[in-house]
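# Build me a model from this:
(2 chains, ligands or ions: 1)
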Amino acid sequence: MPGILVTVRSLDQGIQSVKGKVNPGYACATGGIWISQGDLAVIDAAPGSMVRVWSTAGEVNVPCQVGDLPQGLFCMPMGPTSNTLVPAATEGTGMPSFKGIKVTVEPSPGGEAEGSAGN
Amino acid sequence: MPVIESVVCTFCGSLCDDLRVTVEQNRVLKVGGACALGRQKVFHDCEPTAVWSVEGMVVDMGTAMEEAARVLSSARFPLVYGLSTVSTEAQREAVALAELLGGTVDTTSSHCHGPSTMARQQAGLPTCTLGEVRNRADLIIFWGCNPMESSPRHLARYSAMAKGSAVTGRGQRRVVVVDVRPTPTAKAADEFIQIDAGRDYEAFTLLRSLIQGKAVPEDVTTTGSAGVPFERWARLAALMKGCRYGVAFFGMGLTMSGGREANLELLLTTVAELNAFTRFYAIPMRGHSNVAGSENVLAWLTGYPFAVNFSRGYPRYGPGEFTVVDLLERGDVDACLVVGADPAAHLPRRCVKHLESIPVVLVDPHVTLTTPLARVTIPVAAGGVGAEGTFYRMDNVPLRAAALVESRLPTDEEVIRTIRERITRAQDR
Ligand code: SF4
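Numbers count the residues shown, from 1 in each chain, chains lettered A, B, ... in the order given. Model (predicted):
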């Protein structure tokens, strides 16, 4: 389903970043997506399952969790995984759209999590 | 055991300066008074993990410095980037190096609050200190920011829950959050206005009209604005006009979404106009410990806050042209000095791809996601833990952070100055 992705700060992401970004905890804290209960039902995905998310900039396979969000809005922690989906265009400001990215989300066809956004 | 009092935490822009750190035999044993982020940061920074290396091989300090100087001085379009977590003294050296190289200096500010700084250049910034917020503010608005997760002590120390002299506690303040989702900060507020993503400009337009007492078209009074019923905006406008001392904290929900600097220009204009009725101020909710300092230092030295290019021998300012994301996206840069930042973790993937194709010199206490793509890595003592220095709080108040332990590593300032001196000496030969 199509929707809008907003990349956000989270406490866990912050704590893991100061434990060391090369630790698996950081990849874990920044490698998921929050989706509303209603949208999970629409795409027929269970919390904890892998979903495929893509934008014009790239694509990731990440585990999903239930988020307290309006329908059609998805959140991912800021970090290398979500940055795969962020287009680099800045509209002359220097600032790319880390928030408000048009994405599509669907259940992963048995895909594995990408440990980081390295592709 | 010796306890150091009034320690400044150099993790986030709140720069809490009331930590109590127990140090024995040059080791930090206990960090009191910090939030989880600050405590973890102090322990992490006591043990720098980076090493002196060139192309993945461990080398001595002199070899790494020499290679860094060679890489940067042989580039045609070098970029000096990062600087938001290092002292103002190091930032000053970085600007001098960029000027010597005829290169560009840009900071992480360009992809956090850059748009709000651009708005400030148009509309001004009616602002106050966090001390005034604590003592006087009876209306606090958090718009597009979530300090409960990014700056966890902000609410207790400076804003919503702080015990001030004129406003003595939470019961005397009204707290409003405007955001696209119910964040932990929204849950701690008296009122939460859940706005549609990317429609902030529309909301500010309506608020401004309401505050000025202008007529609002009937379709807006019927259907509301930005996904929020009209009555909620009318109530917020009345709260803003009717408070005794209001403060709007604004964050990346505004700078990173559609409208960017235009959102902020309207917010700052609205805040300025509110001063015809009451006292009202705005403060950017800044993330990194010295990102505010980076803008101050660049502005003192070049006249511009970020995105400064020296290729013509004088400073030129160019958001969208000399900003890191644009430079890397276009592939303009042919060498990059990264100081106290982790672009591989925080920039769009396309930008990181270009960094992978050019020589990168990384100055950082730790191994980060940028380390594997750096040709040269230079470890440094962490500011506020292994090195002293000046840091600017989010309200532009400078604070002196002391070193807590003695480090065997040089400071960022010393490293950048050494690279600059090596380049100068080579040029003079
Ligand atoms: S709120 Fe920020 S400055 Fe204060 S202790 Fe926490 S991380 Fe440090």
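
# neighbours around whichever residue of the stretch 101-250 of chain B sits closest to chain A, how many?
Taking C-beta to the nearest C-beta as the measure, the stretch 101-250 of chain B has B:S110 as its residue closest to chain A, at 4.0 Å. Bear in mind the C-beta positions are built from the backbone N, C-alpha and C, glycine included. Around B:S110 sit 29 other residues, with neighbours defined as other C-beta atoms under 10 Å in any protein chain shown.

# Report whether the expected contact of it with B:A307 is present.
Yes. Applying C-beta atoms under 8 Å as the test, B:S110 and B:A307 come out as touching, 5.7 Å apart.

# Identify the residues contacting the residue lying closest to A:V22 once chain neighbours are set aside.
Of all residues beyond its chain neighbours, the one nearest A:V22 is B:V367 (5.4 Å), with distances taken as C-beta to C-beta, 6 or more residues apart in numbering or on different chains. B:V367 is in contact with A:G20, A:V22, B:T49, B:A50, counting by C-beta atoms under 8 Å, 6 or more residues apart in numbering or on different chains.

# Weed out the non-buried ones from the residues you listed.
A:G20, B:A50 (16 or more other C-beta atoms under 10 Å in any protein chain shown).

# give me the number of residues near residue 91?
In the absence of a named chain, this looks at chain A. The burial count for A:E91: 13, using other C-beta under 10 Å.

# The chain in question should be chain B.
By other C-beta under 10 Å, 32 other residues sit near B:Q91.

# In terms of helices and strands, where is it?
Under the assignment given by DSSP states H and E, the secondary-structure element containing B:Q91 is helix B:88-101.

# Could you list the low-confidence segments of chain A?
By pLDDT under 70, the low-scoring segments of chain A are A:110-119.

# where does B:S311 land in three-state SS?
Classification of B:S311 by DSSP: H, G, I helix; E, B strand; the rest coil places it in coil.

# What sits closest to it if chain neighbours are left out?
In space, not counting the residues next to it along the chain, B:S311 is nearest to B:G102; the distance is 5.1 Å by C-beta to C-beta, 6+ apart.

# how far does the longest helix along chain A sit from the chain's center?
Secondary structure assigned by DSSP state H gives helix A:11-19 as the longest helix of chain A. Offset of helix A:11-19 from its chain centre (C-alpha atoms, centre = their mean, to the nearest Å): 17 Å.

# mind saving the C-alpha coords of that helix as CSV?
This file holds the C-alpha atoms of helix A:11-19, laid out as CSV (Å, rounded to 0.1, in the frame of the first residue of the first chain):
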residue,chain,number,x,y,z
LEU,A,11,15.3,6.9,22.6
ASP,A,12,16.6,3.5,21.8
GLN,A,13,18.3,4.7,18.6
GLY,A,14,19.9,7.5,20.6
ILE,A,15,21.1,5.1,23.4
GLN,A,16,22.4,2.6,20.9
SER,A,17,24.3,5.3,18.9
VAL,A,18,26.2,6.2,22.0
LYS,A,19,26.9,2.6,22.8
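
# Residue 91: what's it in contact with?
All of this refers to chain A. With the criterion set at C-beta under 8 Å, 6+ apart, A:E91 makes contact with B:R260, B:G320.

# Wait, chain B was what I had in mind.
For B:Q91, counting by C-beta under 8 Å, 6+ apart, the contacting residues are B:L83, B:N290, B:G293, B:S294, B:V297, B:L298.

# now the residues you listed in CSV, with neighbour count, distance to chain A and secondary structure?
Below are the contacts of B:Q91 laid out as CSV (neighbours: other C-beta atoms under 10 Å in any protein chain shown; distance: C-beta to the nearest C-beta, whole Å; DSSP: H, G, I helix; E, B strand; the rest coil):
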residue, neighbour count, distance to chain A, secondary structure
B:L83, 33, 15, coil
B:N290, 33, 16, coil
B:G293, 33, 19, helix
B:S294, 30, 14, helix
B:V297, 26, 18, helix
B:L298, 27, 13, helix
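
# Pick the one among those closest to B:E149.
Each of the contacts of B:Q91 was checked against B:E149 using C-beta to C-beta; the closest is B:N290, at 20.3 Å.

# and the closest one, how far is that from B:Q122?
25 Å (C-beta to C-beta, to the nearest Å).

# One more: B:G320?
Taking C-beta to C-beta, one finds B:G320 at 15 Å from B:Q122.

# Who has more neighbours out of those two?
For the pair B:G320 and B:Q122, the greater number of neighbours falls to B:G320 (18 against 12), based on other C-beta under 10 Å.

# Isn't that one up against A:T93?
Yes. The criterion here is C-beta under 8 Å, and B:G320 meets it with A:T93 at 5.6 Å.

# Work out the gap between stretch B:246-259 and the centre of the chain.
Relative to the centre of its chain, stretch B:246-259 is centred 13 Å away, using C-alpha atoms, centre = their mean.

# same deal with stretch B:175-190?
Taking C-alpha atoms, centre = their mean, one finds the center of stretch B:175-190 at 21 Å from the center of the full chain.

# Do any residues in it lie close to chain A?
Yes. Legend: contact between stretch B:175-190 and chain A by C-beta under 8 Å from any C-beta of the partner chain is shown at B:V180, B:R181, B:P182, B:P184.

# May I have stretch B:218-238 as CSV, with CA atoms only?
The C-alpha coordinates for stretch B:218-238 follow below in CSV (Å, rounded to 0.1, in the frame of the first residue of the first chain):
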residue,chain,number,x,y,z
GLU,B,218,-16.2,29.8,5.6
ASP,B,219,-14.8,26.5,4.1
VAL,B,220,-11.9,26.7,6.6
THR,B,221,-14.3,27.3,9.6
THR,B,222,-16.3,24.3,8.4
THR,B,223,-13.7,21.8,7.4
GLY,B,224,-10.7,23.0,9.5
SER,B,225,-7.1,23.0,8.4
ALA,B,226,-4.3,20.5,8.0
GLY,B,227,-6.6,17.7,9.2
VAL,B,228,-7.5,19.5,12.4
PRO,B,229,-11.0,21.0,13.2
PHE,B,230,-11.1,24.9,13.0
GLU,B,231,-12.1,25.1,16.7
ARG,B,232,-8.8,23.6,17.8
TRP,B,233,-6.8,26.2,15.9
ALA,B,234,-9.0,29.0,17.2
ARG,B,235,-8.4,27.7,20.7
LEU,B,236,-4.6,27.6,20.2
ALA,B,237,-4.6,31.1,18.7
ALA,B,238,-6.5,32.3,21.8
